[in-house]
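*Asks:* okay, predicted coordinates and the sequence, questions at the end:
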Amino acid sequence: MSAPTASASLRLMLSDLESTPVIKQLRAGFRIALWHQPNRPTPADQRKLYAFLATAAREVFAGADHSGYWEQRRQAGFFDAIGTFALIVTPEGKAIGWGGYTMLDSAGKRTLYADYTGVLPEYRRYQLGTWLAARFMKDELRLSRSLYLTLRTQNPCIYRGLLRNLGPDRVWPPLHGDTPPRVFAIAEATAAQLGQTDPLDPKSLVITGVLAKLETTLYGSRPVSEQDDVDRLFGRLTQDDAIMVIARLDVFTLLYAAKLRVLDALRPSRKAAAKRASAT
């Protein structure tokens, strides 16, 4: 699939799609359009979505060309495999971001694997990516059972945000020391179900060479968290490596994280908080 032109592919309206998603409110008038399995976009809609995703990713990731990546995912049947796919849309229905997740049973633990997510730079001040992730977790949390969030990333800002909201005892790999065997079992089972056969280090949760098939760097410029120990943890990665980050959630920790986001909005330093969230 050749790289689509920005003018043709970045303007995707919800009204351009013939398949019917579930519509939910996100925040500040923005909405999310959700396709849950077995409902999925029609083949014609999938072509429009792939064009949008490849072009929007170039904007989100500082000019990195992700068209080859999305072509690989198209060939692998991305929309058939993902449990829930979401478009973030403006009040007028214009697509300005995306995300998704798949629910897994990993080593006997209920696990939410968060897929590749992005929000166009001009909309990052609304923290929509953070709110989308919180919405996914809220929809899947159960009072009687913990939920494990897993994601594969090179971005230290995501890791730092999880540390800040959940605390170091609920996020792995740890900044200091090794990952406990019980947590590695979750990471290993998750990777196996995703078909990731690349070596997964049991202590650091680094997946060596997992991004080599992208044939490009994931980011036009590598993100930094501005927290030295976090940036050192991610600084060991090559452009082809990623870390399988795991976090343990329950209803009470998610409510606490939501409280922190409200406090951030009320503090005089809210611009700095928005800057951190936009990097995430």
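*Replies:* On my side now, so go ahead.
*Asks:* can we go C-alpha only for contacts and neighbour counts from here?
*Replies:* OK.
*Asks:* show the contacting residues for residue 189.
*Replies:* Residues near residue 189 by Cα atoms under 8 Å, 6 or more residues apart in numbering: 106-107.
*Asks:* count of neighbours near residue 114?
*Replies:* Residue 114 has 20 neighbours, counted by other Cα atoms under 10 Å.
*Asks:* quick check on it: phi, psi?
*Replies:* Phi and psi for residue 114, reported as degrees, to the nearest 10, are phi -80, psi 130.
*Asks:* just give the closest residue to it, not the sequence neighbours.
*Replies:* Closest residue to residue 114 apart from its sequence neighbours, by Cα to Cα, 6 or more residues apart in numbering: residue 101 at 4.5 Å.
*Asks:* and that neighbour, that's in a strand?
*Replies:* Yes. Counting by DSSP: H, G, I helix; E, B strand; the rest coil, residue 101 is found in a strand.
*Asks:* any idea how far residue 170 is from it?
*Replies:* Applying Cα to Cα, to the nearest Å, the value for residue 101 to residue 170 is 20 Å.
*Asks:* what about the strands in the chain?
*Replies:* All strands of the chain, identified by DSSP state E, fall at 22-27, 30-36, 84-89, 95-106, 109-114, 118-119, 147-153, 171-172, 206-207, 242-249.
*Asks:* out of these, which is the most enclosed?
*Replies:* strand 171-172 (a mean of 26; mean count of other Cα atoms under 10 Å).
*Asks:* ok now it, how far from the chain's centre?
*Replies:* 16 Å (Cα atoms, centre = their mean, to the nearest Å).
*Asks:* what is the mean pLDDT for stretch 246-254?
*Replies:* For stretch 246-254, mean pLDDT is 82.
*Asks:* export only the CA atoms of that stretch, formatted as CSV.
*Replies:* Extracted in CSV, the C-alpha atoms of stretch 246-254 (Å, rounded to 0.1, in the frame of the first residue of the first chain):
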residue,chain,number,x,y,z
ILE,A,246,2.4,-4.4,32.7
ALA,A,247,0.2,-2.7,35.3
ARG,A,248,-2.3,-4.1,37.8
LEU,A,249,-5.6,-2.3,38.1
ASP,A,250,-8.7,-2.4,40.3
VAL,A,251,-11.7,-0.1,40.6
PHE,A,252,-10.1,1.8,43.5
THR,A,253,-6.8,2.6,41.7
LEU,A,254,-8.7,3.7,38.6
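*Asks:* list of residues touching it?
*Replies:* 134, 138, 141-143, 145-151, 162, 165-166, 170-173, 183, 187.
*Asks:* wait, the residue nearest to residue 114 sits on residue 112?
*Replies:* Yes. Between residue 101 and residue 112 there is a contact under Cα atoms under 8 Å: 6.6 Å.
*Asks:* next up, the contacts around residue 42.
*Replies:* In this structure, residue 42 makes contact with 18-19, judged by Cα under 8 Å, 6+ apart.
*Asks:* go again with 7 Å.
*Replies:* residue 19 (Cα atoms under 7 Å, 6 or more residues apart in numbering).
*Asks:* tally of neighbours for residue 168?
*Replies:* Residue 168 has 16 nearby residues by other Cα under 10 Å.
*Asks:* next, count neighbours for the residue lying closest to it once chain neighbours are set aside.
*Replies:* In this structure, residue 168 finds its nearest non-sequential neighbour in residue 174, 7.0 Å apart by Cα to Cα, 6+ apart. Counted with other Cα under 10 Å, residues neighbouring residue 174 total 20.
*Asks:* for residue 174, grab phi and psi.
*Replies:* phi -70, psi 160.
*Asks:* go on, the one 3 residues further on?
*Replies:* Backbone geometry at residue 177, expressed as degrees, to the nearest 10, gives phi 90, psi -170.
*Asks:* which residues does the residue lying closest to residue 36 once chain neighbours are set aside bridge with?
*Replies:* Leaving out its chain neighbours, the residue that sits closest to residue 36 by Cα to Cα, 6+ apart is residue 84, at 4.5 Å. Note on residue 84: beta-bridge partners by DSSP bridges are residue 36, residue 101.
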